[in-house]
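# generate a structure from the sequence data that follows.
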Amino acid sequence: MCGINGIYQFSGLKSIEKEVISKMNQTMVLGGSDAEGIYKDDYVLFGHKRLSILDVSKKPNQPFCCNNNRYVIIFNGTIYNFKALKNQLSDYDFNTESDTEVVLAAYIKWGKKCVNHFDGVFAFSIWDKQEKSMYIARDRMGVKPLYYVLDHDKIIFSSSVKSILNSGLITRKLRKESVVDYFRFQTVHAPYTIVEDVYSLMPAQYLYFTEEKQELETYWSPSKTFIYPDNDVSVVHNKISDLLSTSVEKRMVNDVPFGTFLSGGVDSAIMVGLMAKKHNQKIDTFSVVFKDNELSEGNYANQIAEQYATNHHEIELSVDQFKDMIPTAMKLYDHPNGEGLDSYIMSNKSVEADVKVAFSSLGGDELFTGDPVFNQIPQLQAKKWLASFPNYARKYPGIINHFIKGTVESSKIKAILKQEYFDSEYIYQFSRQTLMDDQVSRLINIPKLPLNRVFEITHDLIGYNTDGWALPTLSRLSVAEFSTYMQNTALRHVDQMSVANNLDVRVPFLDHHLVEYTLGIKDKFKKPTPQKSLLIDSFKDIIPESIDNRPKKGFVLPYEKWMKGELKSFCEENLNEIKNIAYINSKGVDKLWKAFEKGNKRVGWSRVWHLVILGHWIKENNIEG
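Predicted coordinates:
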């Protein structure tokens, strides 16, 4: 886990000095680093901060040059098949045992297609001094972030939005359309960010630059590369078991201590079981245990830890201790995000136990139908008689239902019934929406809200007449989850909070081989009721019976009480920052806050909290409205 920064000025560096990249390096939110380096020539500035995971010697310190000094690389990530690739690259004279040098050698041999050979997570850039070309790439599932600014004469890129802001080379200004996206979904969907002119390189994309040309290519897509699997369910179970076991095993190749987060649920139980089987030493496991028993999942986590004899760490917190951590954690957001505080705690406590690599079960719900959306959308689509009514007639039941209940759920049903079609992308766009459009319209003074970004993304990936349409229904929803919530909310907050604590988090469920196979599995094998039955049946020998199909808890914390009590002034102060944006309706913000205080069913704490986070981030980073 590292941080990378780069500037390439196409006609040659002019007024951009070495101090700029140094400042970008220093802005990185890493809690520390094992090494830091800078490279500069007539065209390029590279900066790097390193957390050593593979080959912890000084030899692989970056920026790293090849043997003849023609190519220079900065790399963030881990290539799990680097030893196998090294055998294929025997014509290169290796000087280190690092995966960084393997990536560089692969580019020298295979050029822009080198990414097709990599099994891992990564964001990197390679500068060819001879051809004066720049290559920038990101991993298939978007685990490692990469942001960039492109103008007429240069590209600036980084693992961190804050580093780009602090380069001093761009204007710190909010992007209006992204503010709408954030209000709706408590995040901003790539390729956009909350900052004007700052973009996110999409998962599985690479950029190639020379002074004369620019190329942007997508080299992999889950909706295009899925595998049509076997029809025998026992074969499917065995294949899933083999793929996930292999995924865990290859991620355990480290030169530093590692552990895993343990929630007490099915996914993390499987993770611990597989890790224990593959490792001849005790596994470190970490669980948050609340002193309030109603919130605690410690009993389930302890059962798993005892079964596999792990070195278990219980992080005991009171709700007040958690509350007191909130201001510190919020300062670490590289990009505003409505979630992430739980990731901060787990990362912080893992590092305190001298762990540098931690495993997460992120992706299990999205891949194996563990979220409510996998039940709700097929059930609604099964009501085909609704589609026979014209749109104007369909919207009235929704309006009546909303008038009677006045809840978040009823407002979503109202929006769904107004859609022209009941295809997945038309319904899914509302599944994770935080504030509905009528609420957003009262907060922002623009004539018409932009098109729903989640609809745009899913329409392009799984809509009618796309490659994704060939996927089974449940797999289309998995692609929707991967491409929206997971990549832009879940992975973003895990990366931000782990990087800030100098922790490398690995996600075996997002292995692209496992994803490709599982997306092709027929719906009849992957039914979401009982929950995640396909995954559970594939690992019957690992999951304790008491964990199998138990109700999912997660963190249930009294945010509403805090926000109306001890954190009230903190919330109001940060909401005032939102009100200072020129196109924001300050009265609308006040009304939303008052509705929350009065207990309006449509304005629970999560409908306001992401605005508090945004206001805090704007203030911390001196962003213009």
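
# quickly list the domain ranges of this structure.
Structural domains annotated on the chain: 2-218, 233-369+481-538, 373-467, 559-621, as defined by automatic domain parsing.

# could you pull up phi and psi at the residue positioned nearest the centre of the chain?
Centroid check for the chain by C-alpha atoms, centre = their mean gives Leu491 as the closest residue, at 1.7 Å. When read as degrees, to the nearest 10, the backbone of Leu491 gives phi -60, psi -40.

# which ones are touching it?
By C-beta atoms under 8 Å, 6 or more residues apart in numbering, the residues touching Leu491 are Met141, Gly142, Val143, Leu362, Val507. No exception for glycine: its C-beta is placed from N, CA and C like everyone else's.

# so what's the first one up against?
Contact analysis of Met141 by C-beta under 8 Å, 6+ apart lists Val121, Pro203, Ala204, Phe482, Gln487, Leu491, Val507, Leu510, His512, Val515.

# out of these, which is most surrounded?
Val121 (28 neighbours; other C-beta atoms under 10 Å).

# ok so, going back, sort out for me which of the contacts of Met141 are in strands.
Val121 (DSSP state E).

# wait, Asn502 sits on Ser350?
No: contact criterion C-beta atoms under 8 Å: Asn502 and Ser350 do not qualify, at 9.9 Å.

# which one's more surrounded, the two?
A direct count of neighbours by other C-beta under 10 Å for Asn502 and Ser350 places Ser350 higher, at 28 against 20.

# the more buried one belongs to a helix, doesn't it?
Yes: counting by DSSP: H, G, I helix; E, B strand; the rest coil, Ser350 is found in a helix.

# what is the neighbour count of the closest residue to it other than its chain neighbours?
Distances taken as C-beta to C-beta, 6 or more residues apart in numbering place Ala358 nearest to Ser350, at 4.9 Å, with adjacent residues excluded. Counted with other C-beta under 10 Å, the neighbours of Ala358 add up to 25.

# packing partners of the helix or strand hosting Ala358?
According to DSSP states H and E, Ala358 maps onto strand 357-359. Applying 3 or more C-beta pairs under 8 Å, 6 or more residues apart in numbering; DSSP states H and E, one finds that strand 357-359 contacts strand 258-261, helix 341-352, strand 504-506.

# could those be laid out in JSON lines, adding mean pLDDT and distance to Asp495?
JSON lines is the format used below for these (pLDDT from 0 to 100; distance: least, C-beta to C-beta, whole Å):
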{"stretch": "strand 258-261", "mean pLDDT": "84", "distance to Asp495": "14"}
{"stretch": "helix 341-352", "mean pLDDT": "83", "distance to Asp495": "9"}
{"stretch": "strand 504-506", "mean pLDDT": "91", "distance to Asp495": "7"}
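
# for Cys2, which of those is the nearest?
strand 504-506 (9.1 Å; C-beta to C-beta).

# so what's the gap between that closest one and the chain middle?
12 Å (C-alpha atoms, centre = their mean, to the nearest Å).

# what is the least confident helix or strand in this structure?
One helix or strand of the chain scores below all others by mean pLDDT, DSSP states H and E: helix 391-405, with a mean of 49.

# tell me where the stretch 101-250 of the chain has helices.
Remark: helices assigned in the stretch 101-250 of the chain by DSSP state H, counting those that start in this stretch are 161-165, 176-185, 233-250.

# same question for the shortest one, mean pLDDT?
Averaged across helix 161-165, pLDDT comes to 97.

# CSV please, covering the helices and strands packed on strand 357-359 and showing distance to Ile227.
Shown next, in CSV, are the helices and strands packed on strand 357-359 (distance: least, C-beta to C-beta, whole Å):
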stretch, distance to Ile227
strand 258-261, 28
helix 341-352, 32
strand 504-506, 23
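
# what is the end-to-end distance of stretch 428-444?
24 Å (C-alpha to C-alpha, to the nearest Å).

# next one: stretch 104-124
10 Å.

# what are the buried residues along that stretch?
Neighbour counts using 16 or more other C-beta atoms under 10 Å place 104-108, 112, 114-115, 117-124 of stretch 104-124 among the buried residues.

# what's the farthest-apart pair in the contacts of Met141?
Among the contacts of Met141, Ala204 and Val507 lie farthest apart (C-beta to C-beta), at 15.5 Å.

# in the sheet, who's paired with the nearest residue to Asp284 once chain neighbours are set aside?
Leaving out its chain neighbours, the residue that sits closest to Asp284 by C-beta to C-beta, 6+ apart is Gly259, at 3.1 Å. For Gly259, the beta-bridge partners are Asp284, Ala358 (DSSP bridges).

# and for Gly259, the neighbour number?
Gly259 has 25 nearby residues by other C-beta under 10 Å.

# hang on, the earlier thing: for the residue nearest to Ser350, give me its contacts.
Counting by C-beta under 8 Å, 6+ apart, Ala358 has contacts 258-261, 286, 346-347, 350, 498, 503-506.

# how about 7 Å then?
Contacts for Ala358 (C-beta atoms under 7 Å, 6 or more residues apart in numbering) come out as Phe258, Gly259, Thr260, Phe261, Ser350, Leu503, Val505.

# which of those are buried?
By 16+ other C-beta under 10 Å, the contacts of Ala358 give Phe258, Gly259, Thr260, Phe261, Ser350, Leu503, Val505 as buried.

# and Leu557, how far is that from Gly111?
Separation of Leu557 from Gly111 (C-beta to C-beta, to the nearest Å): 50 Å.

# with Phe122 instead?
Taking C-beta to C-beta, one finds Phe122 at 17 Å from Gly111.

# also Thr369?
For Thr369, the distance to Gly111 - C-beta to C-beta - is 39 Å.

# before we move on, what about Tyr344?
The value you get for Tyr344 to Gly111, if C-beta to C-beta is used, is 40 Å.

# coming back round to it: tell me which of the buried residues of stretch 104-124 is nearest to Asn302?
Of the buried residues of stretch 104-124, the one sitting nearest to Asn302 (C-beta to C-beta) turns out to be Val121, at 30.8 Å.

# ok, that closest one touching Gly142?
No: Val121 lies out of contact with Gly142 (C-beta atoms under 7 Å); the separation is 8.9 Å.

# burial count for Lys540?
Lys540, neighbours per other C-beta under 10 Å, totals 11.

# is it true that it lies in a helix?
No: counting by three-state DSSP, Lys540 falls outside a helix, being coil.

# next one: Ser167 from Gly6, what distance?
Plainly put, Ser167 is 11 Å away from Gly6 if you go by C-beta to C-beta.

# and what of Trp110?
For Trp110, the distance to Gly6 - C-beta to C-beta - is 21 Å.

# now name the helix or strand holding Tyr8.
With DSSP H and E as the test, Tyr8 turns up in strand 2-9.

# by contact count, what packs against that strand?
Strand 2-9 sits against helix 18-27, strand 44-50, strand 71-79, strand 120-128, strand 154-158, with contacts defined as 3 or more C-beta pairs under 7 Å, 6 or more residues apart in numbering; DSSP states H and E.

# want to try a markdown table for the ones you listed, with mean pLDDT and distance to Leu461 as columns?
Formatted as a markdown table, those follow (pLDDT from 0 to 100; distance: least, C-beta to C-beta, whole Å):
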| stretch | mean pLDDT | distance to Leu461 |
| --- | --- | --- |
| helix 18-27 | 92 | 33 |
| strand 44-50 | 90 | 33 |
| strand 71-79 | 96 | 24 |
| strand 120-128 | 97 | 21 |
| strand 154-158 | 96 | 25 |
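
# how about the ones you listed, which one is nearest Leu519?
strand 120-128 (18.7 Å).

# paired strands for the closest one, with orientation please.
Strand 120-128 has these strand partners (DSSP bridges): strand 71-79 (antiparallel), strand 133-138 (antiparallel).

# can you list contacts of stretch 260-277?
Contacts for stretch 260-277 (C-beta under 7 Å, 6+ apart): 244-245, 248, 252, 283, 285-287, 297, 300-301, 304-305, 308, 310, 346, 358-361, 364, 508, 532, 535-536, 539, 542-544, 547, 552.
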